[in-house]
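Engineer: no sequence for this one, just the structure:
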Ligand code: FES
């Protein structure tokens, strides 16, 4: 997908297709919006995060799923999202933490 403007340092792609909807991706989206001010189609003021709602990421069996740059974060919960966002804020690499990636 092409970006019309530069995405955030961490570009979040949250799946909005059936399996993820059934596994409450709306709760994840709502949490990103209300707690962190991360809204679909927008970038945070500090440029750190942007969010896109995307079609199936091909990992329906581990829904809900969000891709953070090139890292798949699966079986998302609100608590896991909090850990992911905080790790990004600290500049940590998600690939190295099996509790966050996968
Ligand atoms: S429906 Fe979300 S990964 Fe397939």
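Structural biologist: On my side now, so go ahead. This is a predicted model, so every value here is computed, not measured.

Engineer: around the ligand, which positions in the chain sit nearby?
Structural biologist: 15, 17-20, 56-60, 63, 65 (C-beta under 6 Å from any ligand atom). C-beta coordinates here come from the backbone N, C-alpha and C atoms, glycine included.

Engineer: please pick the buried ones from the residues you listed.
Structural biologist: 15, 17, 19-20, 57, 59-60, 63, 65 (16 or more other C-beta atoms under 10 Å).

Engineer: can the residues you listed go into a markdown table with extra columns for pLDDT?
Structural biologist: Below are these laid out as a markdown table (pLDDT from 0 to 100):
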| residue | pLDDT |
| --- | --- |
| 15 | 98 |
| 17 | 98 |
| 19 | 98 |
| 20 | 98 |
| 57 | 98 |
| 59 | 96 |
| 60 | 97 |
| 63 | 97 |
| 65 | 98 |
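
Engineer: all the helices of the chain, residue numbers only.
Structural biologist: Remark: helices assigned in the chain by DSSP state H are 18-22, 25-36, 78-89.

Engineer: now residue 17. Nearest residue, chain neighbours left out?
Structural biologist: Computed as C-beta to C-beta, 6 or more residues apart in numbering, the closest residue to residue 17 that is not its neighbour in sequence is residue 56, at 4.1 Å.
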